[in-house]
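Undergrad: Using only what follows, build the 3D model:
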Amino acid sequence: MTRAFSTSRVGRSVRWLDAGARLLRGDLRRRWYLFAILALFWVLASMRLFVHHTPVVPVLVNWTPSVPYSIVYVDYFDRTLSRGDLIIYSFEGQAAERDYPGLRHQPFFKRVVGLPGDAVTVRDREVFVNGRPVGRAKTHTFDLRPLEPIEPIVIPPGFLYVQGTSADSFDSRYRSSGLVRQTDVKAKVRPLV
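TA: Numbering: from 1, shown residues only. Here you go, the predicted model:
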């Protein structure tokens, strides 16, 4: 009795799976374009995760509060940088290896606030670039790791001071993030939405 019951249950399961496979094949034939778009997104996401961290398509979707734009055009060819430009850069350096190894090589999306020759000063965790207040350095990360503000410095050639618009943005305000090498800048971005 038990053997007949389990055989009929297996048979029903096989028929159910076969019917589902037929429905899926029919959907694939009718709506192939939707499945192609979904497959493209999966391929691009897999490339970003396993092959190359920096975006390789000319459109970037930002869902962090770091910068208020959600969809931007990525311009890989314009290499001129000026104050106020939005950029994508790769998080590198000694602090990336020592303090935040999970963020190493990850693309960050920020605004250029300071250029070579600009003076960065700090008073009571308030950060200034050329005497203009640009933000306040928090005391701790969200997971309670201490954060030290950037050291007062004149930005050397080949480096940038970058910052997000959110008070929680991890940017040049902090010693562990620091100034960004211009060689780590991957592209300029222009907001679309």
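Undergrad: Check the model's average confidence along stretch 148-161 for me.
TA: The pLDDT scores in stretch 148-161 average 96.
Undergrad: what about that stretch, how long is it end to end?
TA: Using C-alpha to C-alpha, to the nearest Å, the end-to-end distance of stretch 148-161 comes to 16 Å.
Undergrad: quick one: buried residues of that stretch?
TA: With burial defined by 16 or more other C-beta atoms under 10 Å, the residues of stretch 148-161 counted as buried are 149, 150, 153, 155, 159, 160, 161. (C-beta placed from N, C-alpha, C; glycine too.)
Undergrad: gap between the last one and residue 87?
TA: The spacing between residue 161 and residue 87, counted by C-beta to C-beta, to the nearest Å, is 12 Å.
Undergrad: and what of residue 128?
TA: 21 Å.
Undergrad: Ok, residue 166 next?
TA: Counting by C-beta to C-beta - residue 166 and residue 87 are separated by 16 Å.
Undergrad: Looking at these two, which is more packed in?
TA: residue 87 (23 against 14; other C-beta atoms under 10 Å).
Undergrad: which residue packs closest to the more buried one, ignoring adjacent ones?
TA: Spatial nearest neighbour of residue 87, excluding adjacent residues (C-beta to C-beta, 6 or more residues apart in numbering): residue 185 at 5.2 Å.
Undergrad: Tell me which helix or strand in this protein has the weakest average pLDDT.
TA: helix 94-98 (a mean of 64; mean pLDDT, DSSP states H and E).
Undergrad: So what would you say the end-to-end distance of stretch 124-133 is?
TA: Distance across stretch 124-133, first residue to last, is 12 Å (C-alpha to C-alpha).
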